[in-house]
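Student: sequence first, then the predicted structure:
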Amino acid sequence: MEFSWINLVGAAIVVLILIPNIIYVFKNKAAIQSPTNAIMVMMEQVGRYACIVLMWLPLVVWKFGFRRVDEMLFYIGGNIILLVLYYIFWSFYYKSPKRLTTIALAILPSCIFLLSGLLLRHWLLVISAVLFGIGHIYITAKSNFSI
């Protein structure tokens, strides 16, 4: 099972992750905080943009694919479950931002990128997901909870 040289499913996942973030930024421009740890910010941003690109473009792996059908089903099912959870936590966050929802919104995209990278055997995506996850979770916690 192959996606060829562009993964449209991965591109759709990225778009679905970005939609609530874009809506939030436009509705809450004053809520955006700038963290002070430059290394963590760089780690988060490099990881974020690498994940966004690597989800749909198979750099270094040449083609996206699965060895078995069950891997593809787990990829699709796992990402659907994680995206549904992501949207559920966004709905809670819009109503009342709490510690659990804030951290969940930092963890879930990292899990989506990590799951996709592992199942697609796209090791550059796995590394990017780990970088993004560490940076994003740290910055989210630091910005919202004064750790």
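Tutor: Now that the structure is in, tell me what you want to look at.
Student: from here on, contacts and neighbour counts on C-alpha atoms
Tutor: Will do.
Student: residues contacting the most centrally placed residue in the chain?
Tutor: The centroid of the chain falls nearest to Pro109 when counting by Cα atoms, centre = their mean (2.7 Å). With contact taken as Cα atoms under 8 Å, 6 or more residues apart in numbering, Pro109 is in contact with 17, 86.
Student: over to Val46?
Tutor: Per Cα under 8 Å, 6+ apart, neighbours of Val46: 128, 131-132.
Student: JSON lines for those residues, including secondary structure and pLDDT?
Tutor: Shown next, in JSON lines, are the contacts of Val46 (DSSP: H, G, I helix; E, B strand; the rest coil; pLDDT from 0 to 100):
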{"residue": "Ser128", "secondary structure": "helix", "pLDDT": "97"}
{"residue": "Leu131", "secondary structure": "helix", "pLDDT": "97"}
{"residue": "Phe132", "secondary structure": "helix", "pLDDT": "97"}
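Student: neighbour-wise, which of the residues you listed leads?
Tutor: Most neighbours among the contacts of Val46, by other Cα atoms under 10 Å: Phe132, with 30 neighbours.
Student: assess the claim that it and Met43 are in contact.
Tutor: Yes: if you go by Cα atoms under 8 Å, Phe132 and Met43 touch, sitting 6.3 Å apart.
Student: dump the contacts of Val46 into TSV; add distance to Phe89 as well.
Tutor: Formatted as TSV, the contacts of Val46 follow (distance: Cα to Cα, whole Å):
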residue	distance to Phe89
Ser128	23
Leu131	22
Phe132	19
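Student: closest to Lys29 out of the residues you listed?
Tutor: Taking Cα to Cα as the measure, Lys29 lies nearest Phe132 of the contacts of Val46, at 22.5 Å.
Student: quick one: the strands in this protein, in order.
Tutor: Secondary structure of the chain (DSSP state E): strands at 2-4, 64-65.
Student: ok, Asn28 - contacts?
Tutor: Counted by Cα under 8 Å, 6+ apart, Asn28 has zero contacts.
Student: next, it: phi, psi?
Tutor: Dihedral pair for Asn28: phi -130, psi 50, per degrees, to the nearest 10.
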